[in-house]
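Novice: Give the three-dimensional model of this entry:
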Amino acid sequence: MTLFFILFLILLLVAVQKWALRRCLESVYEDYWAEKTVTDPEEPFSIILAVRNQSRRYLPFVKVEMQVPEQFRLEEKAERVVRSYTLRPWQEVRFHIPVRISRRGRYVLRHPVLLGGDFLGLKENTREFRQFREVIVAPAEVSFPALEQALGSFLGDYSVQRFLYEDPILTVGCREYTGREPMKMIAWKQSARLGTWMVHQYDHTVEPAVTVLLNMDTREEPERIEAAYSIARTVCATLEDRQIKYDFATNASQAGGSRNGASVSEGLGETHFRSVVECLGRGMEEAARPFCRLIEEAALQNGRNRGLLVITPGEGLEQSAENAAELDRWRRESGENVQVLCARTFFP
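Specialist: Okay, the predicted model is just below:
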């Protein structure tokens, strides 16, 4: 009788072990993400891993392992981060992995591994985290007198110039209807009083705006290409500081994004600037299309009656007849408000 009881206990133990091993991860929800999806070089941030027990059962053993990409600098000297937990019912735990990245670019995080075991800790069951996560490292800003002088001179001259357009908020009077105005411009009260069609005359308001183009249609060394990305960020940061609206476009292929380059419509503010620096962080060293097409598309988008800032790694941008023609046309229509910033000039 005792032998049968012992055998029963052994079989029960084996069955419970198999059941626990099979279901050890069924009720566990896992997630991970970067504290910042767009960051600066050498700026500290954390990779956050979260594990939650979504059942009433007590989980005696849950472990998380993550292999951090080699470009990430960990504060703890290890290639693999391992954490083990005991989870009460409905409990969630999180842990932070402080890291830094030194170089601009796009970095895809490796999937962490979730491990759970039986209640005796003899065997483990594993499952990878399913989410896709990436981090974009933007180029660093640069500061040196030659660039500040060139940029300051252009923006100083440009900010006092004005391109006129009608502001429908500021009405200064009425004038006779010519037949070309839309119905929304008709001044109904004045038309009824005078017995003829009259339309509102709006104030001509001024607001400077700039188009920023980053050219990668070049064969320069990687160092000057990286310098061009940094100059582009510095230019956009300066425009933000001076509250000058700008749009941005580049013909650089985007890692993990469009292979036709990238663009950000006209605007200002933190969200706008974040979109620009993300494009700069994703930018690769190859051009998706020639510069002449890039400037043509920018002109179609916003016109040429605005300032133009072009950042390019190397000299000789206007050696191409098509490039020279497009730049000359922009100079004529904008009143000579075109500035080309060459990385080779500032980093000989």
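
Novice: quick one: the helices in the stretch 51-200 of the chain?
Specialist: Assigned by DSSP state H, counting those that start in this stretch, the stretch 51-200 of the chain shows helices spanning 145-159, 188-194.

Novice: Need the contact partners of stretch 278-289.
Specialist: With Cβ atoms under 8 Å, 6 or more residues apart in numbering as the test, stretch 278-289 has contacts from 38, 104-106, 136-139, 214-218, 222, 225, 229, 232-233, 248, 250-264. All C-beta spots, glycine's among them, are computed from the backbone N, C-alpha and C.

Novice: Would you pull up how far that stretch lies from the middle of the chain?
Specialist: Here stretch 278-289 is found 12 Å from its chain centre; the criterion is Cα atoms, centre = their mean, to the nearest Å.

Novice: Just the CA trace of that stretch, in CSV.
Specialist: The C-alpha coordinates for stretch 278-289 follow below in CSV (Å, rounded to 0.1, in the frame of the first residue of the first chain):
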residue,chain,number,x,y,z
GLU,A,278,14.6,61.9,-37.1
CYS,A,279,15.1,62.2,-40.8
LEU,A,280,18.7,63.3,-40.2
GLY,A,281,19.3,60.3,-37.9
ARG,A,282,17.8,57.8,-40.4
GLY,A,283,19.7,59.4,-43.3
MET,A,284,22.2,57.1,-45.1
GLU,A,285,25.3,57.9,-47.2
GLU,A,286,23.5,57.2,-50.5
ALA,A,287,21.3,59.5,-52.5
ALA,A,288,17.9,58.3,-53.6
ARG,A,289,17.6,60.8,-56.4
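
Novice: and that stretch, which residues are buried?
Specialist: Glu278, Cys279, Leu280, Gly281, Arg282, Gly283, Met284, Ala287, Ala288, Arg289 (16 or more other Cβ atoms under 10 Å).

Novice: Also stretch 66-77?
Specialist: Under 16+ other Cβ under 10 Å, the buried positions of stretch 66-77 are Met66, Val68, Phe72.

Novice: Show only the entries of these found in strands.
Specialist: Per DSSP state E, strands hold the following members of the buried residues of stretch 66-77: Met66, Phe72.

Novice: closest to Gly152 among the buried residues of stretch 66-77?
Specialist: Gly152 lies nearest to Phe72 out of those, by Cβ to Cβ, at 37.3 Å.

Novice: Enumerate every residue touching Ala324.
Specialist: Residues near Ala324 by Cβ under 8 Å, 6+ apart: Glu318.

Novice: distance of it from Gly303?
Specialist: Using Cβ to Cβ, to the nearest Å, Ala324 is found at 20 Å from Gly303.

Novice: Which among the contacts of stretch 278-289 count as buried?
Specialist: Buried, going by 16+ other Cβ under 10 Å: 38, 104-106, 136-139, 214-218, 225, 229, 232-233, 248, 250-255, 257, 261-264, out of the contacts of stretch 278-289.

Novice: Verify the contact between Phe61 and Thr86 for me.
Specialist: Yes - between Phe61 and Thr86 there is a contact under Cβ atoms under 8 Å: 6.8 Å.
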